[in-house]
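Engineer: 3D, please:
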Amino acid sequence: MAGGRLTQQDRQQIALGLADGLAYAEIARRLDRPTSTITREVMRNGGPTAYRAELAHRATERRTHRRRQAAPQAAGSAPQPHGRDAEAVHDYQETLTTVFMASGTPKMMARVLACLCTNDAGSLTASELVQRLQVSPATISKAIAFLESQGLVRRERDERRRERYVVDDDVWYQSMMASVRGTAQVAETARQGVGVLGPGTPAATRLENIARFLDFVSESMARAADQAREVLHTKAEATSGPTAQPRSERG
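Structural biologist: Residues are numbered from 1 along each chain as shown. Below you'll find the model as predicted:
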């Protein structure tokens, strides 16, 4: 039956499916579970090559125990706005974190990014992130430095002169454009190798094909990002809730 927590037998079936080279979607279908459940389970327990059913089960029991111990303190300290279900929000944040990890973002950086993305204001201070994620300030600082280097987070000062970390529509655009520049740099470097290795040689031909492909991809990405920025940007509708605040258009 779908729903409920994964059992030890479920985890054994996941491990067997991974060993057989099955896709997450197929494993999920066999267990009658959402694909996101299987993806999150595997990524938070070593990934597809290191997943072990028994270790994953014990790790989940430890996390559940820690969560229950922390629950009395957390309950009531951060009521969910707009009538949201706190458990559903928590589960979704874990799913979003897993997706970010699958795309190459390190775990702690993915957790910070997911926390920012699911916050109505789209911004949090270091102390707020520390409280929400229950990690050290140094851990948050390291995660923010990484996300900032990828163009995924920007910094700003609020009215109390506190530094806030922001993720909004313009940040995603800037991150995409940073990726475009990186791709274009790879293309240019590949093209330089053609002259070094000799035009017409197998290695040079390979590099030329790489350069042409990446040129096309980077140009297409830049056009798509510019077009999306112009026509797809939407704003949250104004509500009477205390967290609804108007946001200004960016560039």
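
Engineer: which residues of this structure fall in strands?
Structural biologist: 123-125, 154-157, 163-166 (DSSP state E).

Engineer: which stretches of the protein form helices?
Structural biologist: Under the criterion DSSP state H, the chain contains helices at 8-19, 24-31, 35-43, 53-74, 86-102, 107-117, 126-133, 137-149, 169-197, 202-231.

Engineer: just to revisit the earlier point, and Asp10, which of the strands of the chain is closest to it?
Structural biologist: Checking these against Asp10 by CB to CB gives strand 123-125 as the closest, at 34.6 Å. Heads up, the C-betas are built off the backbone N, CA and C, glycines and all.

Engineer: Tell me which residues of that closest one come out buried.
Structural biologist: Buried residues in strand 123-125, counted by 16 or more other CB atoms under 10 Å: Ser123, Leu124.

Engineer: Next: stretch 44-59.
Structural biologist: Arg44, Asn45, Pro48, Tyr51, Ala53, Ala56, His57.

Engineer: Touching, the fifth one and Arg11? I think so.
Structural biologist: Yes. Between Ala53 and Arg11 there is a contact under CB atoms under 8 Å: 4.0 Å.

Engineer: Next one, pLDDT for the closest residue to Met177 other than its chain neighbours please.
Structural biologist: Nearest residue to Met177 in three dimensions, chain neighbours excluded: Ala225, at 6.1 Å (CB to CB, 6 or more residues apart in numbering). On pLDDT, Ala225 comes in at 91.

Engineer: per-domain residue ranges of this structure.
Structural biologist: 8-62, 85-166, 169-231 (automatic domain parsing).

Engineer: Run the chain-centre distance for the longest one.
Structural biologist: Spelled out, that is domain 85-166. Centroid separation for domain 85-166 versus its chain: 10 Å, with CA atoms, centre = their mean, to the nearest Å.

Engineer: Give me the distance between the two termini of that domain.
Structural biologist: Terminal residues of domain 85-166 lie 24 Å apart, using CA to CA, to the nearest Å.

Engineer: One more: the first one?
Structural biologist: For domain 8-62, the first-to-last residue distance is 14 Å (CA to CA).

Engineer: Just the mean pLDDT for it, thanks.
Structural biologist: On average, domain 8-62 scores 88.

Engineer: Also the longest one?
Structural biologist: What domain 85-166 shows for mean pLDDT is 89.

Engineer: Report the contact partners of Glu163.
Structural biologist: Thr125, Ala126, Arg155, Glu156, Arg157 (CB atoms under 8 Å, 6 or more residues apart in numbering).
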